[in-house]
Each structure stands twice: as structure tokens, then as C-alpha cells.
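In: below: sequence and its predicted model.
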Amino acid sequence: MILNRLNKPLQIIMLLITAIGLSSCVSYSFTGASIPPEAKTISIQYFDNNASFIVPTLSESLTLDVKDRFSSQTSLILINKNGDLQIEGVITDFKTSPQAISGDEAASNRLSISVKVKFVNLIEPDKNYQTTFTRYEDYASSLNLADVQDELIKKINEMLVDDIFNKAVVNW
């Protein structure tokens, strides 16, 4: 083999050159995000709430959580409109439903939130998507939703943000 004949320093130099060459093709981060180096900006619009049940803080908290994720885990600059990458969405469903039945009563309930998201990548249009993400958390039926709602929304938002971020910029 050719590499066996080369001395160690030359092998290391060749390995470094190869690694640098490969890494210059796409921007990677420790989060797994794979963003084209030409993409410098992202715009994330306010997530309107069109669900039949409106939680006043849900739109704002989801919007801020998505913005925070992209700001903290990518090098993209957040701008108001017309970013190289663009995200917009609408909350389409917020509902509770009984899950585990024990006797004639629900032993647990499920809070579900659905968000329809449109992602536009002006640099790589083949990465564009429009899809609905639904996530949920179960809670004991003995609890009042109003008492656990904020904590459930926080957990569900985190999962929804993971879905939006991963589908947009994590290509694993």
C-alpha cells in the first residue's frame, strides 16, 4: 500500500488535508446541523394559533423556542424576513383525550399539539418541506389540565422544536 510506504508525518499531513477539504463543502456543527456555507440568514415567522382551543402564550413560546434553537445551535443570523432559510407555521390543534381506561374511567389523559410547518431553503430548494408535526404528553386523569398545562406545553414544545430543527437542517 502507498500509505504504508509513506512516513508518519506525511500520512498525518495527507489526512489533515483530506479532512479540511471535506469539511469545506458543508457547514457542520456539534448538533448535527448540516447547513450549506452559502446560507447566512434565517427568518422565522410568528406561529399563529388556529387551534379550536387557544392558549394565549402558546404561539409566542413556540416561536421563541424555535428562534432560540436556530440561534443557539447554528451560525445563522436571525432576520425578520427573506432569510436564506425560512420557517413559518401555524398551530392547528390543541386537544386532550382520554388514553388508558381503568374500569369506566380514564386513568390518564393526553395533551396533543399539532403544528403545520413550511420550511424554505433558498440555497438548496430540494430541502424545502411542508408538513404537520404532532407531539403529546400524557398526564394523570386525576389532575386538572390547568394545573399541569404549562409544564406539558414546555415538554411538547421541546419535542416540536426538535422535529422542526431536525427536518430542516439535520440530514442524518
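Out: Yep, that arrived. Since we're looking at a predicted model, the values are computed, not measured. Numbering: from 1, shown residues only.

In: show me what the helix or strand hosting Asp147 is packed up against.
Out: Taking DSSP states H and E as the definition, one finds Asp147 inside helix 145-169. Packing contacts for helix 145-169, counted by 3 or more C-beta pairs under 8 Å, 6 or more residues apart in numbering; DSSP states H and E, involve helix 58-73, strand 85-98, strand 108-121, strand 129-140. Bear in mind the C-beta positions are built from the backbone N, C-alpha and C, glycine included.

In: of all those, which one comes closest to Ile79?
Out: Set against Ile79 and scored by C-beta to C-beta, the helices and strands packed on helix 145-169 come closest in strand 85-98, at 9.8 Å.

In: paired strands for the next helix or strand after that closest one, with orientation please.
Out: Stepping forward along the backbone from strand 85-98, the first helix or strand reached (DSSP H and E) is strand 101-102. Next to strand 101-102 in the sheet, as set by DSSP bridges, lie strand 105-106 (antiparallel).

In: of all the residues in the helix holding Asp147, which ones are buried?
Out: Burial within helix 145-169, assessed by neighbour count using 16 or more other C-beta atoms under 10 Å, is assigned to Gln149, Leu152, Ile153, Ile156, Asn157, Leu160, Val161, Asp163, Ile164, Phe165, Ala168, Val169.

In: can I get the helices and strands packed on helix 145-169 in CSV with mean pLDDT and distance to Ile44?
Out: Rendered in CSV, the data for the helices and strands packed on helix 145-169 read as follows (pLDDT from 0 to 100; distance: least, C-beta to C-beta, whole Å):
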stretch, mean pLDDT, distance to Ile44
helix 58-73, 97, 5
strand 85-98, 97, 5
strand 108-121, 97, 10
strand 129-140, 97, 15
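
In: of those, which is nearest Asn50?
Out: Proximity to Asn50 (C-beta to C-beta) singles out strand 85-98 among these, at 5.3 Å.

In: mind listing what's buried in that closest one?
Out: Judged by neighbour count using 16+ other C-beta under 10 Å, the buried positions of strand 85-98 are Leu85, Gln86, Ile87, Glu88, Gly89, Val90, Ile91, Thr92, Phe94, Thr96.
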